[in-house]
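K.L.:
need coordinates for the below:
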Amino acid sequence: MTTINRRSFISVGVAGSSLAFPFARAIAQTQSLSDVGRGMFSAPLPKIFRAREIVTLDPKRPAAKAIAVANGRILSVGEFDEVRKALGDQPFTIDEIFANQVIVPGFIAQHDHPVLSALTMSSEILSIEDWVLPRGAIPAVKNKPDFMTRLAEAVKARTDPNELVLTWGYHPQFFGPITGADLDSISKTQPIISWARSCHEMVLNSAALERAGITPKVFDGFSASAKEQTVLKEGRFWEQGFFALLPHVAPMVANRDRFRAGLELTRDFMHAKGVTIGCEPGGILSKPVQDAVNEVFASSDMPFRWIIRRRRQKHCRGE
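P.N.:
Numbers count the residues shown, from 1 in each chain. Got it, this is the predicted structure:
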């Protein structure tokens, strides 16, 4: 058994290594004397987790049964007796929480947009597939009538007649086109926006168009390509039309409370699915929006690492 280094999930064969104790291992992996000092005074007891199987991704030894962890670092992986021996005389605890489960390396989400997911996940999700979220499971939409029925129920459940009802997930290739007239058949007074599954199209009912201030005069100010990708009488905006619409609907769609709740849901959803590092590849152009994302994704209690990638790699958490 060997020691885990910073670049790999496991290695095997460390019995007899000079790095038998957690503090010695911490020194080997540290980058500064400050790290060493913290290790001297705050390193917790190692904990050995037993598992039905540990997938190591090491071709020389693809599976193991136990893993020792201390202070957020993997110390060793192998059979239980090997891991225990590698700790030498160092006291440790044993945790059986994964005794009947399989442990795999953490997943890397290399291309994610928390802004989009925060807005979609905090909406009324009526999509073509089931969504299993921390708040519960949302079954897939079966067809357009099912979508209309469930959206009508969501509108009816609102106590504020002026509250925007934003739904995400409708797919016209599966269920046929949807227009503002369809949404008006549910309510002409409650603002309703249907955000397509692609995230590149929105359909607004008449109340939402009025709230957003979208008039023929505003439409006349769209670029030629935005006009080509808008059908104003149907309340449909896609691609360039969608991007021309965004500044007008952003205050409705992205209010602070809704946005933060969506960011927290995105964080918890990714963590629950085993993500240990994620990356925003770019696309946030507004500092206030970035600040709002950082409030959640750069918080000290963020359960996994999050990177923002620009020309140079910048880390939200100072990694």
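K.L.:
select the longest helix from this protein.
P.N.:
In the chain, with assignment by DSSP state H, the single longest helix is helix 256-272.
K.L.:
packing partners of that helix?
P.N.:
Helix 256-272 is packed against helix 114-121, helix 287-297, with contacts defined by 3 or more C-beta pairs under 8 Å, 6 or more residues apart in numbering; DSSP states H and E. Just so you know, the C-beta spots here come from the backbone N, C-alpha and C atoms, and that holds for glycine as well.
K.L.:
now do 10 Å
P.N.:
In this structure, helix 256-272 makes packing contacts with helix 114-121, strand 131-133, strand 275-280, helix 287-297, judged by 3 or more C-beta pairs under 10 Å, 6 or more residues apart in numbering; DSSP states H and E.
K.L.:
and the third one with helix 256-272, angle?
P.N.:
For strand 275-280 against helix 256-272, the angle by axes from the mean of the first three to the mean of the last three C-alpha atoms, to 10 degrees is 130 degrees.
K.L.:
extract the C-alpha set from strand 275-280 and format it as PDB.
P.N.:
What follows is strand 275-280 as a C-alpha-only set of coordinates in PDB (Å, rounded to 0.1, in the frame of the first residue of the first chain):
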ATOM      1  CA  VAL A 275     -19.000  16.000  -7.300                       C
ATOM      2  CA  THR A 276     -15.800  17.000  -5.500                       C
ATOM      3  CA  ILE A 277     -14.700  19.800  -7.900                       C
ATOM      4  CA  GLY A 278     -16.600  21.800 -10.400                       C
ATOM      5  CA  CYS A 279     -15.800  24.400 -13.000                       C
ATOM      6  CA  GLU A 280     -17.600  27.500 -14.400                       C
END
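K.L.:
picking up where we left off before, show me which residues of the longest helix of the chain are buried.
P.N.:
For helix 256-272, the neighbour count (16 or more other C-beta atoms under 10 Å) marks 258-267, 269-270 as buried.
K.L.:
ok, so of those, who is nearest S122?
P.N.:
G262 (3.4 Å; C-beta to C-beta).
K.L.:
go through stretch 236-245 and flag the buried ones.
P.N.:
Buried residues in stretch 236-245 (16+ other C-beta under 10 Å): 236-238, 240-245.
K.L.:
tabulate the residues you listed (a markdown table), appending secondary structure and distance to S187.
P.N.:
Below are the buried residues of stretch 236-245 laid out as a markdown table (DSSP: H, G, I helix; E, B strand; the rest coil; distance: C-beta to C-beta, whole Å):
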| residue | secondary structure | distance to S187 |
| --- | --- | --- |
| R236 | strand | 18 |
| F237 | strand | 20 |
| W238 | strand | 23 |
| Q240 | helix | 28 |
| G241 | helix | 23 |
| F242 | helix | 23 |
| F243 | helix | 27 |
| A244 | helix | 25 |
| L245 | helix | 20 |
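K.L.:
can you list those in a markdown table and add pLDDT and distance to T93?
P.N.:
As requested, the buried residues of stretch 236-245 are exported to a markdown table (pLDDT from 0 to 100; distance: C-beta to C-beta, whole Å):
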| residue | pLDDT | distance to T93 |
| --- | --- | --- |
| R236 | 98 | 60 |
| F237 | 98 | 57 |
| W238 | 97 | 56 |
| Q240 | 96 | 59 |
| G241 | 97 | 59 |
| F242 | 95 | 54 |
| F243 | 93 | 54 |
| A244 | 95 | 59 |
| L245 | 96 | 56 |
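K.L.:
name the residue closest to the centre of the chain, please.
P.N.:
T266 (3.8 Å; C-alpha atoms, centre = their mean).
K.L.:
show me where the stretch 1-150 of the chain has its strands.
P.N.:
47-55, 63-70, 73-78, 93-95, 102-103, 107-109, 124-125, 131-133, 136-138 (DSSP state E, counting those that start in this stretch).
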